[in-house]
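Asker: Dropping a prediction and its sequence here:
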Amino acid sequence: MKRRMINSLLGVVLVMVVVFCVPLALFEKRTIESAAQDRAGAEAVRVLGMVENRIAAGEPVRTDDLRGQITDGSYAEVRLPGRAPIVIGSPPSGGRPVRAVQGGGRGEQVVVEHSRSDVEHEIGTMLLTLGVVALLAVQAAVALAVWQAKRLTRPLNDLAETAERLGSGDPRPRHRRYGAPELDRVAEVLDASAERIARMLTAERRLAADASHQLRTPLTALSMRLEEIIATEDPATVKEEAAIALGQVERLTDVVQRLLTNQRDPRSTSAVSFDLDEVVKQQAEEWRQALRGAGRRLEVEGLHGLEAVGTPGAVAQVLATLIENSLMHGGGTVVVSTRVTGTSVVVEVRDEGPGVPPELGARVFERTVSGRNSTGIGLAVARDLAEADGGRLELLSLRPPVFALFLGRQLED
């Protein structure tokens, strides 16, 4: 492309040089020849005037008197009736001279000749000047073409590099503009595409991280139930554990569906009125064994028979995250309590552990923020699930740690 641009611009300049210089050279050549002819004619007029003045005054016409009327190197010949011609200078050599003839009223005649070589030298100087100007114009055109080609190809190379980076998985926008509307438009489109791809990749990574974290606990609980089924030979126990495992599978399916729904549309909600006691009881039964294995207890207290507004699966997942957080980072007895405040139903989870460090208190719900060697995703996802149902998740106390899930309350008519 660069070579084509240079050749195109150079071709245009060459055409312009030819179109401009050839007529100018012909015009200047004629001007120089005409000027030389005019100079010779002017000298002939001056000599003729001197001759006529002498004749009118009755004075002789002498060569020395006429010599001062012509320039050095010129040749003049004065022809008078009845006299021999008066010659001034030497006849020019080297081709046909520039000649001017003037005649007077008494038969006198003056012939002036200039050397053609002077005219040819002046024409040659003119042609050389035009040639130099044309060469400089061509050189300037080449330099301009190279500069313009680089100016246009550099942004194109830049845009190609940006497109290649997008294709290789690097969606960072470059925000470069080049001063050319067409190229700037392409750059804007590529930057917008890069931002969209970055958002898509971020959402996919976030979904993968959320799914791996949110599914770990239900799968662990399901695995424990299946181990119980394998270890027992009592048909009644097998039936009971299988029923519990089936419920866990349903909740696991709900978690997956919820994650996919939030991925497609974070503002979507399937909140309904549900019995909060059932969700709290189910989570308490699932986590008591894990806490018992760690030498700890789980207790449920507070009001009963509360109707909350939300998604049961999402609420169960939030409670599972809070209880798991107490199991991993807390200590002592874990207490799940329910209460009512205003138009909200509140579920609190607290333990007797060291609590949340003060420096993390305001950032504990941010992703990748954790006081221990954990992912820092759980509480962030739990808050997202709560907010998706119109609720909220807050840290009410650092020590002892108290997390509170606020849900909409189903008011009686």
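Answerer: Nice, thanks for sending it over.
Asker: Can you report how many residues lie near the nearest residue to residue 155 once chain neighbours are set aside?
Answerer: Excluding the flanking residues, the one nearest residue 155 by Cβ to Cβ, 6 or more residues apart in numbering is residue 178, at 4.1 Å. (Glycine included, C-beta is placed from N, CA and C.) Residue neighbour count, defined by other Cβ atoms under 10 Å, stands at 17 for residue 178.
Asker: same check, this time on residue 404
Answerer: What residue 404 shows, counting by other Cβ under 10 Å, is a neighbour count of 20.
Asker: Also the one 5 residues further on?
Answerer: When neighbours are counted by other Cβ under 10 Å, residue 409 registers 19.
Asker: Quick check: the residue nearest to residue 155 touching residue 157?
Answerer: No: under the criterion of Cβ atoms under 8 Å, residue 178 makes no contact with residue 157, lying 11.2 Å away.
Asker: what about stretch 158-166, distance to the chain center?
Answerer: 10 Å (Cα atoms, centre = their mean, to the nearest Å).
Asker: Strands of the stretch 301-413 of the chain, residue ranges please.
Answerer: 307-310, 334-341, 344-350, 392-397, 402-409 (DSSP state E, counting those that start in this stretch).
Asker: Give me the angle between the second one and strand 402-409.
Answerer: In this case it means strand 334-341. In terms of direction (axes from the mean of the first three to the mean of the last three Cα atoms, to 10 degrees), strand 334-341 departs from strand 402-409 by 40 degrees.
Asker: Strand partners (parallel or antiparallel) of strand 334-341?
Answerer: Strand pairing for strand 334-341, determined by DSSP bridges: strand 298-302 (parallel), strand 344-350 (antiparallel).
Asker: Can you tell me what sits against that strand?
Answerer: With contacts defined as Cβ atoms under 8 Å, 6 or more residues apart in numbering, strand 334-341 is touched by 276-277, 280, 283-284, 287, 291, 296-304, 306, 319, 323, 326-327, 345-351, 406, 409.
Asker: Could you pull up the residues touching residue 382?
Answerer: Counted by Cβ under 8 Å, 6+ apart, residue 382 has contacts 317-318, 321-322, 393.
Asker: Walk me through the domains of the protein.
Answerer: 2-137, 269-409 (automatic domain parsing).
Asker: what is the mean pLDDT for the longest one?
Answerer: Across domain 269-409, the average pLDDT comes to 86.
Asker: tell me how far it is from the chain's mean position?
Answerer: 45 Å.
Asker: just use 99 as the starting number from now, easier for me
Answerer: Done: numbering now begins at 99, and the last item shifts to domain 367-507.
Asker: Next, format the strands of the stretch 399-511 of the chain as CSV and append distance to residue 207.
Answerer: Below are those laid out as CSV (distance: least, Cβ to Cβ, whole Å):
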stretch, distance to residue 207
strand 405-408, 127
strand 432-439, 133
strand 442-448, 129
strand 490-495, 122
strand 500-507, 127
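Asker: quick revisit: give me the distance between the residue nearest to residue 253 and residue 248.
Answerer: 12 Å (Cβ to Cβ, to the nearest Å).
Asker: Residue 276: helix or strand, and which one exactly?
Answerer: Using DSSP states H and E, residue 276 sits within no helix or strand.
Asker: For it, which residues are in contact?
Answerer: 253, 256, 282, 285.
Asker: which of those residues count as buried?
Answerer: Burial by neighbour count, judged by 16 or more other Cβ atoms under 10 Å, picks out 253, 256, 285 from the contacts of residue 276.
Asker: Secondary structure element holding the first one?
Answerer: In this case it means residue 253. Element membership for residue 253, per DSSP H and E: helix 214-265.
Asker: now for that helix, which elements pack on it?
Answerer: helix 100-155, helix 279-329 (3 or more Cβ pairs under 8 Å, 6 or more residues apart in numbering; DSSP states H and E).
Asker: Can you tell me the closest non-neighbouring residue to the one residue sitting closest to the centre of the chain?
Answerer: With distances taken as Cα atoms, centre = their mean, the residue of the chain nearest its centroid is residue 273 (3.4 Å). Using Cβ to Cβ, 6+ apart and skipping the chain neighbours, the partner closest in space to residue 273 is residue 289 (6.0 Å).
Asker: Make sure residue 201 is actually in contact with residue 178.
Answerer: No: using Cβ under 8 Å as the test, residue 201 is too far from residue 178 to be in contact (11.6 Å).
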